[in-house]
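Asker: Build me a model from this:
(one chain, ligands or ions: 3)
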Amino acid sequence: MKPACVLVGVMGAGKTTVGELLAARLGVGFRDTDIDIEATAGKPIAEIFIDEGEAHFRTLEEAAVRSALASFDGVLALGGGAILSERTRAALAGHPVVFLSVGLSDAVSRVGLGAGRPLLAMNPRATLKHLMDQRRPLYEQVATFTVATDGREPEEIAAEIATLLKP
Ligand SMILES: Nc1ncnc2c1ncn2[C@@H]1O[C@H](COP(=O)(O)OP(=O)(O)O)[C@@H](O)[C@H]1O
Ligand SMILES: O=C(O)C1=C[C@@H](OP(=O)(O)O)[C@@H](O)[C@H](O)C1
Ligand SMILES: [Mg+2]
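Answerer: Ligands and ions are numbered 1, 2, ... in the order given. Okay, here's the model as predicted:
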């Protein structure tokens, strides 16, 4: 079993929002590894970061991605940092991966004050800029397609991805 599409990109790129719309459009299920991790841990991501730290979250995330890639055939949204794992990047090879790209100002306005995203608890703009610069090469490395999202509606983005995925 293989996901129909895997969405990657920085926080605020719209992976969760566009992923749900794309799944509805394709008539398949939607899964988000952040939700799977919260179910496994029995608490919200922000609490995992506080109680166990980011490294533990990354371990849970790697397992959640591995499991979803092996057992799910719908649209899969990853958390923004999932591609930091070299094993995860290798596991994404051969899957249809869409990198949702976003510029700093749209990303900042979308995530607001970063509620629910522990990495953005302090200085969301500077943190997002740093994470974007650091991770962009990794998103590009795993991407089959790159879709720009600045100034575009989620439905329009989902429609473009559905067209790209057509055989
Ligand atoms: N293309 C878009 N245009 C405007 N707002 C968007 C767009 N995509 C997502 N959003 C909004 O931005 C916020 C973050 O989106 P989300 O899907 O959670 O991003 P991600 O999962 O990539 O972090 C949400 O409030 C969502 O409604
Ligand atoms: O970029 C990151 O490191 C993270 C992104 C979040 O997911 P979204 O990209 O869906 O916001 C979530 O996994 C966690 O807060 C860490
Ligand atoms: Mg998300």
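Asker: What values do phi and psi take at the residue of the chain found nearest ligand 1?
Answerer: Minimum separation of the chain from ligand 1 (C-beta to the nearest ligand atom) falls at residue 14, amounting to 2.9 Å. (Glycine included, C-beta is placed from N, CA and C.) Here is the backbone geometry of residue 14 (degrees, to the nearest 10): phi 100, psi 20.
Asker: thinking it is in contact with residue 110, fair?
Answerer: Yes - contact criterion C-beta atoms under 8 Å: residue 14 and residue 110 qualify, at 7.2 Å.
Asker: what residues are shared contacts of these two?
Answerer: With contacts defined as C-beta atoms under 8 Å, 6 or more residues apart in numbering, the residues shared by residue 14 and residue 110 are residue 102.
Asker: What residue in this structure comes nearest to ligand 3?
Answerer: Nearest to ligand 3 in the chain, going by C-beta to the ion, is residue 16, at a distance of 3.4 Å.
Asker: near ligand 1, which residues of the protein?
Answerer: Proximity of the chain to ligand 1 (C-beta under 6 Å from any ligand atom) is limited to residues 9, 11-17, 77, 80, 110-111, 149, 152-154, 157.
Asker: any chance you could map the strands in the protein?
Answerer: 5-8, 30-32, 75-77, 97-101, 145-148 (DSSP state E).
Asker: Turn these into JSON lines, columns for distance to ligand 3, mean neighbour count and mean pLDDT.
Answerer: Formatted as JSON lines, these follow (distance: least, C-beta to the ion, whole Å; neighbours: other C-beta atoms under 10 Å; pLDDT from 0 to 100):
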{"stretch": "strand 5-8", "distance to ligand 3": "9", "mean neighbour count": "26", "mean pLDDT": "98"}
{"stretch": "strand 30-32", "distance to ligand 3": "6", "mean neighbour count": "20", "mean pLDDT": "98"}
{"stretch": "strand 75-77", "distance to ligand 3": "6", "mean neighbour count": "29", "mean pLDDT": "98"}
{"stretch": "strand 97-101", "distance to ligand 3": "10", "mean neighbour count": "24", "mean pLDDT": "98"}
{"stretch": "strand 145-148", "distance to ligand 3": "16", "mean neighbour count": "16", "mean pLDDT": "98"}
